[in-house]
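*Asks:* Structure, please.
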Amino acid sequence: MAGVAENIIRIKSTLPSNVNLIAVSKTKPASDIQKAYDAGQRIFGENKVQELVSKYDALPKDIEWHMIGHLQSNKVKYMAHFVSLIHGVDSFSLLKEINKQAQKNNRIQNVLLQFHIAQEETKFGFSYDEAEQMLSSNEYDNLENISVVGIMGMASFTDNQSQIHTEFKMLKSYFDQLKKQFFSDKNSFKEISMGMSGDYQIAIEEGSTMVRIGSSIFGGR
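*Replies:* Numbers count the residues shown, from 1 in each chain. The predicted model follows:
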């Protein structure tokens with residue numbers, strides 16, 4: 001099997017210039033991340049805060065760390081001083097906590113709003129109506145230490161490619177609606193994080209700007 005560095009180079013060669021690769025390094029040792037780093041990769045995604053913090057401490061400081069998993073409010077404070085992007089903001093209470101911790105660290109924290117687009121009930125995320133209600137509120141307007149730079153979603157875990165296309169298409173339509181309604185004057189609102197090892201080509205076809213790829217780089221878990 002090809003090594004980590006070869007996998008990074010191969011996958012990057014297939015990505016359009018407007019699509020960023022987030023190398024999902026959860027459960028993998030720092031030595032594997034270092035190999036990907038040495039091959040030129042700078043953006044890594046983790047889904048557990050404790051693991052994220054220990055890897056941040058151990059690895060080069062020009063790495064851009066993304067929190068891609070379901071995030072509990074009580075864990076935000078541990079990574080608030082360094083995390084580059086939080087993908088899975090799925091409630092207003094979490095957004096308020098991120099704002100509070102960013103304020104304490106004198107930072108503006110970039111976040112993505114997570115939408116529920118899959119048919120599985122286990123996936124987290126806003127409905128469009130819930131996001132619209134939140135973004136229209138005075139309370140949201142008062143959050144001065146967060147910047148919503150886009151949205152994310154996960155398709156159903158299925159072999160049905162037309163269903164995956166439909167779900168990613170839905171997420172892209174949510175992005176377009178939000179851009180028009182709430183972020184038309186914000187150039188920073190530009191990211192659509194969708195697509196993983198099994199479906200990232202479909203996600204790119206449907207407008208993804210960030211793909212989260214783990215096993216195709218680092219091997220199975």
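*Asks:* for stretch 185-197, how far is the first residue from the last?
*Replies:* Stretch 185-197 has its terminal residues 33 Å apart, counting by CA to CA, to the nearest Å.
*Asks:* So which bits of it are buried?
*Replies:* Buried positions in stretch 185-197, judged by neighbour count with 16 or more other CB atoms under 10 Å: 189, 191, 192, 193, 194, 195, 196. All C-beta atoms are positioned from the backbone trio N, CA, C, and that covers glycine.
*Asks:* Pick the one among those closest to residue 217.
*Replies:* Closest approach between the buried residues of stretch 185-197 and residue 217, by CB to CB: residue 196, at 11.2 Å.
*Asks:* any idea whether the residue nearest to the spatial centre of the chain is helix, strand or coil?
*Replies:* For the chain, the residue sitting closest to the mean C-alpha position, by CA atoms, centre = their mean, is residue 87 at 3.3 Å. Reduced to three states with DSSP: H, G, I helix; E, B strand; the rest coil, the structure at residue 87 is strand.
*Asks:* For it, give me its contacts.
*Replies:* 45, 66, 67, 68, 111, 112, 114, 152, 193, 212 (CB atoms under 8 Å, 6 or more residues apart in numbering).
*Asks:* Kindly recompute the last result at 10 Å.
*Replies:* 22, 45, 47, 66-71, 110-114, 150-153, 191, 193, 210, 212 (CB atoms under 10 Å, 6 or more residues apart in numbering).
*Asks:* Please report how far it lies from residue 27.
*Replies:* For residue 87, the distance to residue 27 equals 17 Å [CB to CB, to the nearest Å].
*Asks:* and if you look at residue 193?
*Replies:* Applying CB to CB to residue 193 and residue 27 gives a distance of 20 Å.
*Asks:* can you map out the helices along this structure?
*Replies:* With DSSP state H as the criterion, the chain has helices at 4-14, 30-38, 49-58, 76-79, 92-104, 128-135, 138-141, 161-181, 200-205, 215-218.
*Asks:* Restrict the fifth one to CA atoms and write it as CSV.
*Replies:* Translated: helix 92-104. These are the backbone C-alpha positions of helix 92-104, laid out as CSV (Å, rounded to 0.1, in the frame of the first residue of the first chain):
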residue,chain,number,x,y,z
PHE,A,92,-27.1,28.3,19.0
SER,A,93,-26.0,27.5,22.5
LEU,A,94,-22.7,26.1,21.1
LEU,A,95,-22.2,29.1,19.0
LYS,A,96,-22.6,31.4,22.0
GLU,A,97,-20.0,29.4,24.0
ILE,A,98,-17.6,29.6,21.1
ASN,A,99,-18.1,33.3,21.0
LYS,A,100,-17.5,33.6,24.8
GLN,A,101,-14.3,31.6,24.7
ALA,A,102,-13.0,33.4,21.6
GLN,A,103,-13.6,36.7,23.4
LYS,A,104,-11.6,35.5,26.4
